[in-house]
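Novice: no FASTA, just this:
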């Protein structure tokens, strides 16, 4: 593995014309620290014609019909668009290309983290569909740091509630849509505790730099800004199970904007800077006025909404009347709240209405379920309570990001969506239960625009989608009461 290779006394690796020699004696401590790990320090092999051919994506039939109604998809000059596959578990997955020649990888689009990471070909535990081979990339470069053993690649660990990924900070050329970004920093993962059977390889973080682990290196959006290109990402739903991630422009003229707010989950370590995508708005089901709330908008949570636990009973019984909920729904210890699937046929149930800047974005109850695995006509409700540590939604963010993307990243069920571990720092001073997490299942039904340049988040009805309901009325009839009903 990498530890053995770089610690051979006669080994030298060539990286951009400079020779790196590491003696066996000086590597003793590193071997003890990283015996499990392997990192490919780049060599300069001949270009493999087959690899070049594999690197160029085939034309996707999903583009057929995307000009209906006068819609004009982004051109390459606009930054292009990435076709996004939405898996059965509501993971939003796009293809990226790393290295020279480019290698194709599938990344989970995650607005709740800020780093890019991909699995190394030497990671035996990653069990990913694809992996990155640093040896065949002529532009690969590890990030070195001075240690007691001399110059060594900088190791990085990202912990999740269900496991962790461990690897090294490295740089290479990234192709993201039609943009080519040289020297993009990312984590090449050498060991992981992630579940097998995933249909994605790594993660493309679209959060703010405040929660990046690869500091001080620029994140993806910061590198795009350094190229004088707009750092604007529009996720546009298209057909069922598909979307487009459009780069460089707001994809709709009729956008409702909300300012991205500063949020420090560390209790003071981040200061007044942006970290997660946090906005203010309201929720409404039956009440005449929305209940004011702050939303953490997270594409990596495979739920419609995660509700602070002390609001959940009142909230869910406003969404589903008592008599119906008590007879057709219940809570499974592992899966969370489940209902008989026939509940989706009740037409008289009111939709969930998320209010952003005075505009309502409605989702009917029938869109809030997914089939429970191995179920007897049971469906999982994708509005779940957040029970972590007594219902605390945001117990803290340590020196490393702790997160759980529900069943996207590991066991623990889909009941909690993403969790943030309390690794070092105390809880924020404000009540963490008052943060509601707006997840990917809701976002699949609306155009969502992450505008880093102007520090704002936009929502719009996707073109040609009659199912997405929006309105600008502040009035709605109801039965929700304090704090959600009236």
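Specialist: Structure received. As the structure is a prediction and not an experimental result, all values here were calculated from the model.

Novice: show the average pLDDT along the longest helix anywhere in the chain.
Specialist: Using DSSP state H to define each element, the chain has its longest helix at helix 309-319. For helix 309-319, the mean per-residue pLDDT is 89.

Novice: quick one: buried residues of the helix or strand just after that helix?
Specialist: Once the chain leaves helix 309-319, the next helix or strand it forms, by DSSP states H and E, is helix 322-328. For helix 322-328, burial by neighbour count (16 or more other CB atoms under 10 Å) applies to 324-325. For the C-beta atoms, the positions are set from N, CA and C on the backbone; glycine is no exception.

Novice: helix or strand right after helix 322-328?
Specialist: strand 329-332.

Novice: average pLDDT across that following strand?
Specialist: On average, strand 329-332 scores 89.

Novice: may I see the buried residues of the longest helix of the chain?
Specialist: Of the residues in helix 309-319, 309, 311-312, 314-319 count as buried by neighbour count, 16+ other CB under 10 Å.

Novice: ditto for stretch 336-347
Specialist: In terms of neighbour count (16+ other CB under 10 Å), stretch 336-347 has its buried residues at 336-341, 343-344.

Novice: out of these, which sit inside strands?
Specialist: Cross-referencing the buried residues of stretch 336-347 against strands under DSSP state E gives 336-340.

Novice: next, format these as CSV and append distance to residue 443 and pLDDT.
Specialist: Compiled in CSV, those are given as follows (distance: CB to CB, whole Å; pLDDT from 0 to 100):
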residue, distance to residue 443, pLDDT
336, 20, 84
337, 20, 89
338, 23, 91
339, 22, 93
340, 27, 94
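
Novice: which one of those is nearest to residue 355?
Specialist: Among those, residue 337 lies closest to residue 355 (CB to CB), at 23.6 Å.

Novice: ok, the closest one touching residue 379?
Specialist: No - between residue 337 and residue 379 there is no contact under CB atoms under 8 Å: 10.0 Å.

Novice: give me the residue ranges of the protein where confidence is low.
Specialist: 1-80, 160-163, 195, 251-252, 375, 387-433, 464-486 (pLDDT under 70).

Novice: and the closest residue to residue 329 other than its chain neighbours, what does it touch?
Specialist: With CB to CB, 6 or more residues apart in numbering as the criterion, residue 329 has its nearest non-adjacent residue at 4.0 Å, and that residue is residue 339. By CB atoms under 8 Å, 6 or more residues apart in numbering, the contact set of residue 339 is 320, 325, 328-330, 369, 378-379, 381.

Novice: how about a cut-off of 7 Å?
Specialist: Residue 339 makes contact with 328-329, 369, 379, 381 under the criterion CB atoms under 7 Å, 6 or more residues apart in numbering.

Novice: related to what we said a few turns ago, tell me the angle of the longest helix of the chain relative to strand 336-340?
Specialist: Interaxial angle of helix 309-319 relative to strand 336-340 (axes from the mean of the first three to the mean of the last three CA atoms, to 10 degrees): 10 degrees.

Novice: separation between the residue nearest to residue 329 and residue 286?
Specialist: Separation of residue 339 from residue 286 (CB to CB, to the nearest Å) stands at 19 Å.

Novice: so can I have JSON lines of the buried residues of stretch 336-347 showing distance to residue 132?
Specialist: What follows is the buried residues of stretch 336-347, written out as JSON lines (distance: CB to CB, whole Å):
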{"residue": "336", "distance to residue 132": "35"}
{"residue": "337", "distance to residue 132": "39"}
{"residue": "338", "distance to residue 132": "39"}
{"residue": "339", "distance to residue 132": "42"}
{"residue": "340", "distance to residue 132": "45"}
{"residue": "341", "distance to residue 132": "41"}
{"residue": "343", "distance to residue 132": "44"}
{"residue": "344", "distance to residue 132": "42"}
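
Novice: quick check, nearest of these to residue 373?
Specialist: Using CB to CB, those come closest to residue 373 at residue 338, 11.0 Å.

Novice: the closest one bridge partners, please.
Specialist: With DSSP bridges as the criterion, residue 338 is bridged to residue 330, residue 380.

Novice: that one and residue 450: what is the separation?
Specialist: Between residue 338 and residue 450 the distance is 32 Å, computed by CB to CB.

Novice: how about residue 128?
Specialist: The gap separating residue 128 from residue 450 is 25 Å, by CB to CB.

Novice: one more: residue 308?
Specialist: 24 Å.

Novice: for the two, work out which one has more neighbours and name it.
Specialist: Shown here are residue 308 and residue 450; by other CB atoms under 10 Å, residue 450 has more neighbours (23 against 20).

Novice: helix or strand for the closest residue to residue 386 other than its chain neighbours, which one?
Specialist: Closest residue to residue 386 apart from its sequence neighbours, by CB to CB, 6+ apart: residue 306 at 4.7 Å. Here residue 306 sits within strand 305-308, counting by DSSP H and E.

Novice: which residues does the closest residue to residue 366 other than its chain neighbours contact?
Specialist: In this structure, residue 366 finds its nearest non-sequential neighbour in residue 344, 4.2 Å apart by CB to CB, 6+ apart. If you count contacts by CB under 7 Å, 6+ apart, residue 344 has them with 365-366, 369.

Novice: give me that answer again for 10 Å
Specialist: The contact partners of residue 344, by CB atoms under 10 Å, 6 or more residues apart in numbering, come to 364-369, 379.

Novice: for PyMOL, what selects the buried ones among these?
Specialist: A single PyMOL command selects the buried members of the contacts of residue 344 (16+ other CB under 10 Å):
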select buried, resi 365+367+368+369+379
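
Novice: now render the contacts of residue 344 as a markdown table, adding distance to residue 207.
Specialist: A markdown table is the format used below for the contacts of residue 344 (distance: CB to CB, whole Å):
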| residue | distance to residue 207 |
| --- | --- |
| 364 | 29 |
| 365 | 30 |
| 366 | 31 |
| 367 | 26 |
| 368 | 25 |
| 369 | 28 |
| 379 | 31 |
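
Novice: was I right about residue 208 contacting residue 296?
Specialist: No - with contact defined as CB atoms under 10 Å, residue 208 does not reach residue 296; the gap is 11.9 Å.

Novice: overlap in contacts, residue 337 and residue 379.
Specialist: Common contact partners of residue 337 and residue 379 (CB under 10 Å, 6+ apart): residue 329.

Novice: dump the residue contacts of residue 212.
Specialist: So residue 212 contacts 113-116, 185, 205, 218-220, 222, 275, 401 (CB under 10 Å, 6+ apart).

Novice: and the gap between it and residue 228?
Specialist: Counting by CB to CB, the gap from residue 212 to residue 228 is 21 Å.

Novice: count residues in the vicinity of the residue nearest to residue 86 when sequence neighbours are not counted, would you?
Specialist: Ranked by CB to CB, 6+ apart and with sequence neighbours excluded, the top spatial neighbour of residue 86 is residue 241, at 5.0 Å. Around residue 241 sit 14 other residues, with neighbours defined as other CB under 10 Å.

Novice: residue 241 contacts residue 444, doesn't it?
Specialist: Yes - look at residue 241 against residue 444 with CB under 10 Å: they come within range, at 9.1 Å.
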